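[1] Got a sequence here, can you build the structure:
(one chain, ligands or ions: 2)
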Amino acid sequence: RDKIPHLPEIYADSNINLLLRRAKENRTVDIEEYETTGGYSALRKALNKFTPEDIIVLVEESTLRGRGGAGFPTGRKWRFVIQNPKPRYLICNADESEPGTFKDRIIIERDPHLLIEGMIISAYAIGAEKGFIYIRGEYPAGYMILENAINEAYERGYLGKNILGTDFSFDLYVYRGAGAYICGEETALIESLEGRRGHPRLKPPYPPQVGLFGRPTVVNNVETLSNIPIIVTYEQYFMHIGPAGYYGPKLFPVSGKVKKPGVYESTMDITLNELIDIAGGPIGKPKAVFSGALGVYHPDEFDTPMDYSPKGFGGTGTTIVLNEEDCIIDSLIVIANFFHHESCGKCTPCRVGTYEQFNILKKFQEGTATEKDLDLLIHLGKNIPIGSICGLGYSAPNAIMDAIRKFRDEFEAHINGKCPGGVCF
Ligand code: NAD
Ligand code: SF4
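    Ligands and ions are numbered 1, 2, ... in the order given. From the prediction side, this is the model:
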């Protein structure tokens, strides 16, 4: 434990105390504390009371959706995988790297057994005997904490052969990434786990059909898997947590111009306005919210709930607040630079297009852009996704296109030599 690097001070709070029940303080909960506060009782219950099919039905009924960003129904993904023969694998995607996203690290660093317990129950449900946690290289403390926690779980009989005296066996491994955002794309992650360069594969087939080493595989995010012990514990009562169809807790990483940046847990009927209030309120007058790399929201939309409905702000829940002293273009450049840097280069429209997006935005920042540059940004925004094969290329223009739709006046102002935030030129 001495070797574990210092954990960063990240404020965390919750009004429902489910995922963050043990994780509000900046320290790692060990297995003893985890057990004495009810930990691993969901696993006992799952193995003693439920068949794997019972658990899949529970997860389907829970309406749990993938918390990594795409919001795909977890039960449906599990249903797909069990239609294919064993051996099957379970992978936890802990390669959290979306700009402004730091929610999974709170679970990993502070309550690792919640994730491990969720993985053991999930593996039992889908019939997997081996599981992998793929953690981003930039989370060295998280990697060591997970290794320690997995050892603790082996020592207590929660991992390994004949878990808790049953005929279910499960081994769990941690694998460290090397700092590439693209390895969070599930097929690139699988390639990387197999020892190859992390380049995405064409989908379909999806991992539940052809995944790790060609076998049926479920890839779920840290927060998604950490919901499983809660679902097993609460059963039907889980459907009392939050709005209809979008049940369960959600983590929201909030940063930027708020008084108390941090990770907040809530139900998904919370709106952006309420989230900003919980995070201590805004600093200055809010101008926009950047939701990771996915979208840009205007204050007129701040009363929309953060759920996975077509108009909701689901995704990762990432909330970066900008105020009147910020410049939309300047902030977009950070996102564009990120995508240009992280594009794996396999598809030309993504490799070249993300670079061009960055260059054009720089022209706006320097005061040399014209109306033609705005048209070119729109052209790229429409065409990069068409020529791309993975989520990075599909979403690289999202924030820029959203900003052009909702903050066109900022682009026009820069063409006319003015920066509304007073940041550029
Ligand atoms: P996707 O919509 O293609 O797939 C979502 C999940 O559903 C995948 O696991 C996929 O295998 C599964 N799926 C979809 N259709 C299926 C089918 N017919 N059969 C079986 N399984 C099926 O999205 P994606 O490319 O996996 O993820 C994109 C999202 O990830 C974006 O929202 C992006 O913001 C987010 N993301 C998040 C982070 C982060 O740090 N949290 C990093 C990168 C990307
Ligand atoms: Fe690589 Fe971009 Fe193609 Fe994805 S879309 S495979 S990141 S080049």
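[2] So which residues make contact with the one helix or strand residue 377 maps to?
    Applying DSSP states H and E as the criterion places residue 377 in helix 371-386. Residues from elsewhere that reach helix 371-386 (C-beta atoms under 8 Å, 6 or more residues apart in numbering): 349-350, 353-354, 356-357, 360-361, 363-364, 393-397, 400-401, 404, 411, 415. Where you see a C-beta, it was placed from the backbone N, CA and C, and this is true even at glycine.
[3] So what's the residue count around residue 335?
    26 (other C-beta atoms under 10 Å).
[4] Now do the buried residues in the helix holding residue 377.
    Neighbour counts over helix 371-386 (16 or more other C-beta atoms under 10 Å) mark 373-374, 376-377, 380-381, 384-385 as buried.
[5] Dump those into a markdown table; add pLDDT and distance to ligand 2 as well.
    Formatted as a markdown table, the buried residues of helix 371-386 follow (pLDDT from 0 to 100; distance: C-beta to the nearest ligand atom, whole Å):
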| residue | pLDDT | distance to ligand 2 |
| --- | --- | --- |
| 373 | 98 | 23 |
| 374 | 98 | 24 |
| 376 | 98 | 19 |
| 377 | 98 | 18 |
| 380 | 98 | 13 |
| 381 | 98 | 14 |
| 384 | 98 | 8 |
| 385 | 98 | 8 |
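[6] so which of those residues comes closest to ligand 1?
    In terms of C-beta to the nearest ligand atom, no member of the buried residues of helix 371-386 lies closer to ligand 1 than residue 385, at 11.8 Å.
[7] got the contact list for the helix or strand bottoming out on mean pLDDT in the chain?
    When the helices and strands of the chain are scored by mean pLDDT, DSSP states H and E, strand 295-297 comes last with a mean of 94. The contact list for strand 295-297, computed with C-beta under 8 Å, 6+ apart, reads 272, 288-291, 304, 313, 315, 328, 398-399, 402-403, 406-407.
[8] buried subset of these?
    Among those, the ones that count as buried by 16+ other C-beta under 10 Å are 272, 288-291, 313, 315, 328, 398-399, 402-403, 406-407.
[9] Pull up the residues of the stretch 51-200 of the chain that are close to ligand 2.
    182, 200 (C-beta under 6 Å from any ligand atom).
[10] helix or strand for the residue of the stretch 51-200 of the chain at minimum distance from ligand 2, which one?
    Nearest residue of the stretch 51-200 of the chain to ligand 2, counting by C-beta to the nearest ligand atom: residue 200, 4.3 Å away. Using DSSP H and E, residue 200 sits in no helix or strand.
[11] which residue ranges form the strands in the stretch 201-350 of the chain?
    Here the stretch 201-350 of the chain has its strands, by DSSP state E, counting those that start in this stretch, at 217-221, 250-256, 262-266, 286-291, 295-297, 319-323.
[12] for the stretch 201-350 of the chain, what are the low-confidence residue spans?
    For the stretch 201-350 of the chain, the stretches flagged by pLDDT under 70 are 293.
[13] Look up phi and psi at residue 88.
    phi -120, psi 160 (degrees, to the nearest 10).
[14] got a list of what the residue of the stretch 101-250 of the chain found nearest ligand 1 touches?
    Ligand 1 sits closest to residue 206 of the stretch 101-250 of the chain, with a gap of 3.5 Å, by C-beta to the nearest ligand atom. With contacts defined as C-beta under 8 Å, 6+ apart, residue 206 is in contact with residue 80.
[15] What is the neighbour count of the closest residue to residue 142 other than its chain neighbours?
    What sits nearest to residue 142 in space, not counting adjacent residues and going by C-beta to C-beta, 6 or more residues apart in numbering, is residue 108, at 4.1 Å. Neighbour count for residue 108, taken as other C-beta under 10 Å: 28.
[16] so residue 108 makes contact with residue 147?
    No: counting by C-beta atoms under 8 Å, residue 108 does not reach residue 147; the two are 11.3 Å apart.
[17] Torsion angles phi and psi at residue 92?
    Dihedral angles of residue 92 (phi, psi; degrees, to the nearest 10) stand at phi -100, psi 120.
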